[in-house]
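K.L.:
Pasting the sequence and the predicted coordinates here, then a few questions.
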Amino acid sequence: MIAGITVEICAGSLSDCIRAASVQGTDRIELNCALELGGLTPSYDTFLSARKATDKKIICMVRPRGAGFVYSETEKDSMYRDAENFLKNGADGIVFGCLDPDRTIDIPFTQKMVQLISSYKKEAVFHKAFDETPDPFDACEKLIECGISRILTSGQKDNVEDGIPLLRQLQSRFGSRIEILPGGGVNEKNAASVLKKTRCRSIHMSAKSSVEDSPGSYFAVDPAKIRKILSALENAANRRDLTRDDTAMIRNDTFEESRYTWPEDDRDH
């Protein structure tokens with residue numbers, strides 16, 4: 001772990017999970033399948049094999065299909081059963097998201113899922129369905145009331161860098177009550193900047209590279225890319241610095257905690 005920062009790797013297969021777990025700085029793995037669809041529920045056997053392969057935290061995605069987050073009762077029942085099976089067999093948490101037709105939080109189902117997850121004393125995570133909600137501040141408050149542990153979000157933008165202003169506001173307003181997890185387009189060039197500007201304490205990334213395999217190719221977790229991102233974060237932590245633009249942007253916000261200090265030449269002007 002890097003100076004209090006939690007690094008989560010998004011894995012789309014068993015091999016992704018094994019590669020992510022091979023890097024010492026990986027703290028947590030989000031296990032999915034079909035990442036090209038935004039991540040769906042992994043197979044039960046894939047999870048069991050991943051659980052045997054590593055003792056790192058594994059958070060299982062429960063999402064029955066792509067194309068939105070408004071689900072039928074049949075789909076919700078399936079999600080609940082998948083979550084229960086993962087939890088019974090050692091999952092460290094469940095990541096899910098369900099919305100009403102008006103794109104607000106489906107509170108009854110969210111509460112039902114949280115109750116299940118909490119009964120196993122595990123982490124309840126709301127995924128990027130959050131980014132479709134019309135009022136992110138109200139949605140965040142509702143998720144806290146439901147007992148959600150963490151929200152994965154790119155700040156309601158396609159790319160996490162574009163979402164920094166909202167991420168910063170969410171962390172400032174709610175960071176003492178729920179974990180705000182930035183994700184979506186994180187790489188070695190922007191990871192440290194995202195954490196520095198948002199003051200979030202964790203980050204989510206896929207860290208993938210193209211793998212050539214005759215007659216085609218596919219994307220897979222790249223341990224070397226994870227190490228590059230970890231190195232960038234470590235260097236930033238060691239510098240403990242902020243630019244003048246950063247301090248001007250942050251000075252008007254209130255934060256619970258920071259591992260960065262104000263540069264001496266910026267404090268009073």
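P.N.:
Yep, it's here. Predicted model, so just to flag it, every value in this text is computed and none were measured. Numbering: from 1, shown residues only.

K.L.:
what ranges do the helices span in the stretch 51-200 of the chain?
P.N.:
73-88, 107-119, 136-146, 164-174, 191-198 (DSSP state H, counting those that start in this stretch).

K.L.:
where does the protein dip in pLDDT?
P.N.:
For the chain, the stretches flagged by pLDDT under 70 are 1-3, 212, 214, 216, 239-269.

K.L.:
For it, which segments are assigned as strands?
P.N.:
In the chain, the strands defined using DSSP state E lie at 6-11, 28-31, 57-61, 93-96, 123-126, 150-153, 179-182, 202-205, 208-213, 216-221.

K.L.:
helices and strands around the third one, which ones?
P.N.:
Helices and strands touching strand 57-61, by 3 or more Cβ pairs under 8 Å, 6 or more residues apart in numbering; DSSP states H and E, are strand 28-31, helix 44-53, helix 73-88, strand 93-96. Where you see a C-beta, it was placed from the backbone N, CA and C, and this is true even at glycine.

K.L.:
hey, which of these is tucked in deepest?
P.N.:
Of all those, strand 93-96 carries the top mean neighbour count, a mean of 27, counting by mean count of other Cβ atoms under 10 Å.

K.L.:
Quick check: can you name the pairing partners of that strand and their directions?
P.N.:
strand 57-61 (parallel), strand 123-126 (parallel) (DSSP bridges).

K.L.:
distance of T74 from F174?
P.N.:
33 Å (Cβ to Cβ, to the nearest Å).

K.L.:
just D82 next, same as before
P.N.:
28 Å.

K.L.:
buried stuff in stretch 150-159?
P.N.:
150-157 (16 or more other Cβ atoms under 10 Å).

K.L.:
Which of those sits closest to F96?
P.N.:
L152 (10.5 Å; Cβ to Cβ).

K.L.:
That closest one pairs with what?
P.N.:
For L152, the beta-bridge partners are L181 (DSSP bridges).

K.L.:
just checking, it touches A129?
P.N.:
No. If you go by Cβ atoms under 8 Å, L152 and A129 don't touch, sitting 9.3 Å apart.

K.L.:
got the contact list for D106?
P.N.:
Residues near D106 by Cβ atoms under 8 Å, 6 or more residues apart in numbering: 70-71, 98-100.

K.L.:
how close does it sit to F69?
P.N.:
Counting by Cβ to Cβ, the gap from D106 to F69 is 8 Å.

K.L.:
Check the contact lists of these two and give me the overlap.
P.N.:
Here D106 and F69 have 98-99 as joint contacts, going by Cβ under 8 Å, 6+ apart.

K.L.:
can you pull the contacts of Y44?
P.N.:
Applying Cβ under 8 Å, 6+ apart, the residues near Y44 are 82, 85-86.
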